[in-house]
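**Student:** What follows is a predicted structure for the sequence shown.
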Amino acid sequence: MRKTLLMPTVVALHAFPLRSAMWQPQIDFLVERGHRVVAPDLAGFGTSDLPAGGASIDDYGDDVVAVLNELNEDRVVMLGLSMGGYVALSVAVRHPERLRGLVLADTRAQGDSPEVARRRTAQQQQLATEGTERLRTALVAGMVGATTSADKPELVQRVHDLADSPASAWIAALEALKLRPDRTAFLETICVPTLVVVGDEDRISPPAEVEQWQPMIADSTLVVLPRAGHLSNLEAAPEFNAALSSFLEHVR
């Protein structure tokens, strides 16, 4: 049996259409403080293969649990940003016994509106005919905040580079995003400590929206990070890490 670590293991789940390397600032920070960090590439992204039948948000979540089983990890802190947040919520719904804590960053509890679902379908069609490059540029521009766009061109380029997975992974993920269930009614059943983080310049999951569902989680804290957009872990990494560290100190 593996010796139990004093510090909780953190599982970091990446955003669409990036890969696990987006968590490097947090991996470095947490490992230095004694945490084990597991940061998988979701199916089709980075080094992970995409199953022939595609993947759903629940499939992504089940894959994460399979990784934990292989690593002999029992209960962990699940950290997810954007699409990773949807996957983290799936694990919380389907495998609640695997959680010691939950961190939901720049994400939402609701399912897609019909308008958003139609936009994702159009993006799938664009990807099938053009590949990823034009959509990648557009999505990155929408994900980063105004401050990052104006002051951190090197970070914008880094995000662009992280969105380098094949079009097949993008198309499958967009289908998973379109079909994901609404988790709002589930929030009040979450019984582990939960940290909710959002950038104050996030236009995809804006703070005003997050503030509507965060109080539904009984043992939860909301942190709004200044001068950060949808990728708050990268755009405001020191502040994100500080909030994460403070939260982890109280997870048992």
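**Tutor:** Arrived safely, thanks for sending. Numbers count the residues shown, from 1 in each chain.

**Student:** Next, count neighbours for A237.
**Tutor:** Using other Cβ atoms under 10 Å, A237 is surrounded by 19 other residues. For every residue, glycine as well, the C-beta is placed using N, CA and C.

**Student:** and if you look at the one 3 residues further on?
**Tutor:** Neighbours of F240 under the rule other Cβ under 10 Å: 25.

**Student:** Skip the chain neighbours and tell me the closest residue to it.
**Tutor:** N233 (4.8 Å; Cβ to Cβ, 6 or more residues apart in numbering).

**Student:** does that neighbour count as helix, strand or coil?
**Tutor:** helix (DSSP: H, G, I helix; E, B strand; the rest coil).

**Student:** Run through the residues that contact it.
**Tutor:** M22, W23, P25, Q26, L81, A105, F240 (Cβ atoms under 8 Å, 6 or more residues apart in numbering).

**Student:** Select from those every entry located in helices.
**Tutor:** P25, Q26, F240 (DSSP state H).

**Student:** Would you mind measuring from the closest residue to the first one other than its chain neighbours to D202?
**Tutor:** Put plainly, it is P25. Among residues not flanking P25 along the chain, A237 sits closest, at 4.0 Å (Cβ to Cβ, 6+ apart). To D202, A237 is 15 Å away according to Cβ to Cβ, to the nearest Å.

**Student:** Mind telling me what element S168 is part of?
**Tutor:** Using DSSP states H and E, S168 falls within helix 167-179.

**Student:** Tell me which other helices or strands that helix touches.
**Tutor:** helix 57-70, helix 83-94, helix 114-130 (3 or more Cβ pairs under 8 Å, 6 or more residues apart in numbering; DSSP states H and E).

**Student:** how close does S56 sit to F16?
**Tutor:** 13 Å.

**Student:** Grab the nearest non-local neighbour of A172.
**Tutor:** Closest to A172 by Cβ to Cβ, 6+ apart is G54, at 4.2 Å.

**Student:** I figured the one you found hits K178, correct?
**Tutor:** No - using Cβ atoms under 8 Å, G54 is not in contact with K178, being 11.6 Å away.

**Student:** Show me what counts as buried in the helix holding S168.
**Tutor:** For helix 167-179, the neighbour count (16 or more other Cβ atoms under 10 Å) marks A167, A169, W170, I171, A172, A173, L174, E175, A176, L177, K178 as buried.

**Student:** Can you check what angle separates that helix from helix 83-94?
**Tutor:** Angle, helix 167-179 to helix 83-94, by axes from the mean of the first three to the mean of the last three Cα atoms, to 10 degrees: 50 degrees.

**Student:** got the CA coordinates for helix 167-179 in CSV?
**Tutor:** Extracted in CSV, the C-alpha atoms of helix 167-179 (Å, rounded to 0.1, in the frame of the first residue of the first chain):
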residue,chain,number,x,y,z
ALA,A,167,-8.8,19.2,-35.1
SER,A,168,-10.3,15.8,-34.2
ALA,A,169,-9.8,16.5,-30.5
TRP,A,170,-11.4,19.9,-30.8
ILE,A,171,-14.4,18.5,-32.7
ALA,A,172,-14.9,15.7,-30.2
ALA,A,173,-14.6,18.2,-27.2
LEU,A,174,-17.0,20.6,-28.8
GLU,A,175,-19.5,17.8,-29.0
ALA,A,176,-18.9,16.9,-25.4
LEU,A,177,-19.4,20.5,-24.4
LYS,A,178,-22.7,20.8,-26.4
LEU,A,179,-24.1,17.7,-24.8
